[in-house]
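Provide a 3D model corresponding to the input given below.
(chains A and B)
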Amino acid sequence: VMAARFLLRRAVPALRHARCYADAPAAQMSFTFASPTQVFFKEASVKQIDVPTLTGAFGILPAHVPTLQVLRPGIVTVFGDDGSSTKYFVSSGSVTVNADSSVQLLAEEAVPLDSLDLATAKANLEKAQSELVGVSDEAARAEVLISVEANEAIVKALE
Amino acid sequence: MFARTSAAVFLPQCGQARSMATLKDITLRLKSIKNIQKITKSMKMVSAAKYSRAERSLKSARVYGTSAMALYEKAEIKAPEDKNKHVIIGVSSDRGLCGAIHSSVAKAIKSEIAKLSGAGKEVMIVNVGDKLRGLLYRTHGKHILINCKEVGRKPPTFTDASVIATELLDSGYEFDQGSIIYNRFRSVISYKTDEKPLFSIDTVASSENMGIYDDIDADVLRNYQEFALVNIIYFGMKESTTSEQSARMTAMDGASKNASEIIEKLTMTFNRTRQAVITKELIEIISGAAAL
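Now for the predicted structure:
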């Protein structure tokens, strides 16, 4: 639904290349998903990707409108060509959709969802929330808020 | 340094013209050079281990880094020619004995500065690594913005890159564009000094191809740019470390080989000297006996 919203959205400004979605490049997306230490997908062909961004979660299909987005802590779901889906938890990062249907998803930290433990996540969340009460300095407060947000997202994802 | 020392040492060809080195002198030199060889061999082993680890993590870092730069390449973002403030990030390390790693980056930086200053632009440098500071501060000291130390002891992490990026963005120097100069790893025996462009937020926002990218507001673009800056620095640091370790391996290997050569030559000299001393004593004994 989010994808449809993006496709219909923009009125073409005069400067833009005229794009007709009927003859957009072949429905193949070259998907690269990596963190600084690990590569999950490299120029792979997948059907759809759901990403959580600062402006909301949306799904990316081939021939998606080019865009740049910043990620928030949450789940990335990758739907492969064979219909299977894998979930990853990302902490932050960026996603780029280019005009030639290539997608670069760069996450600062990304782990497969099944390697996260619900109990530890809950414990971390409670600790972060209790820290939030006690902290006063602005920078420290921002850090604790980030920690709370990330842990909340992990807990929500695992439940 | 050791390689240079070995090249500078030569066996005296005019040994006959002055008093021959005594056995004790030669023994001392032999001992010290054997120690040096042990050290360079172990340094080579250590570098080899660090190199293999760095190369493995470079594989994923490369995918990460090239994807981070994909936007700039695909959207063909070019900085307008009239922009005046440049920043150059030179990536190197703190430790020497790695061949031409530091000097090649410093040379590239110097030529860039000459080119940009000649065109009337303002340039500032960020030094990642103490060696670069040493090479640049005397002649280009007024261009140096930030120095980073404690680089090269441990493998670079994303956190290190983000610290550097934060310092640069907080420094108050509003650069319009820049480049990062690092040593790109090609193979165990070769690396190349490479340069990748950096763009400021304004340059990217006002670039003509950005119009095709949907739904971008200033906040998102700023976050995206900051993240991309960290990614590029991280990529440069990873490539640099791998090149440095492979160069150190090669340099230490060369030094060990040179040391072995010198040890061989010295051993020959030692044996000849020893035989000469014995012959002299024999002659003295014989002529003494003959005198009786």
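
make it CA atoms for all contacts and neighbour counts henceforth
Fine.

and residue 132, what does it touch?
All of this refers to chain A. A:141, A:144, A:145 (C-alpha atoms under 8 Å, 6 or more residues apart in numbering or on different chains).

let's do chain B instead
By C-alpha under 8 Å, 6+ apart, the contact set of residue B:132 is B:90, B:92, B:93, B:102, B:103, B:105, B:106.

just the ones in helices from the residues you listed, please.
B:102, B:103, B:105, B:106 (DSSP state H).

what is the neighbour count of residue 133?
No chain was given, so I picked chain A. The local packing of residue A:133 (other C-alpha atoms under 10 Å in any protein chain shown) involves 10 other residues.

could you do chain B instead?
Number of residues near residue B:133 (other C-alpha under 10 Å) recorded here: 26.

check which helix or strand covers it.
Using DSSP states H and E, residue B:133 sits in helix B:130-140.

report the buried residues of that helix.
B:130, B:131, B:132, B:133, B:135, B:136 (16 or more other C-alpha atoms under 10 Å in any protein chain shown).

same list, the residues you listed, but as CSV with distance to residue B:150 and pLDDT please.
Shown next, in CSV, are those (distance: C-alpha to C-alpha, whole Å; pLDDT from 0 to 100):
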residue, distance to residue B:150, pLDDT
B:130, 8, 92
B:131, 11, 92
B:132, 12, 92
B:133, 12, 92
B:135, 17, 92
B:136, 18, 92
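
relative to residue B:68, which of the residues you listed is nearest.
Lowest distance from residue B:68 to the buried residues of helix B:130-140 (C-alpha to C-alpha) belongs to residue B:132, with 25.9 Å.

enumerate the residues of chain A near chain B.
Proximity of chain A to chain B (C-alpha under 8 Å from any C-alpha of the partner chain) is limited to residues A:10, A:15-17, A:32, A:34-39, A:42, A:65-70, A:93-94, A:96, A:98-99, A:104, A:106.

wait, a strand at residue A:123?
No: counting by DSSP: H, G, I helix; E, B strand; the rest coil, residue A:123 is not part of a strand but helix.

any idea which element residue B:146 lies in?
Counting by DSSP H and E, residue B:146 is part of strand B:144-148.

immediately after that strand, which helix or strand?
helix B:158-170.

so which elements touch the next helix or strand after that following helix?
Next in sequence after helix B:158-170, counting helices and strands by DSSP H and E, comes strand B:177-187. Contact here means 3 or more C-alpha pairs under 8 Å, 6 or more residues apart in numbering or on different chains; DSSP states H and E; on that basis strand B:177-187 packs against strand B:85-91, helix B:101-118, strand B:190-199, helix B:218-291.

redo those as a markdown table? Include distance to chain A.
Shown next, in a markdown table, are the helices and strands packed on strand B:177-187 (distance: least, C-alpha to the nearest C-alpha, whole Å):
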| stretch | distance to chain A |
| --- | --- |
| strand B:85-91 | 18 |
| helix B:101-118 | 24 |
| strand B:190-199 | 16 |
| helix B:218-291 | 6 |
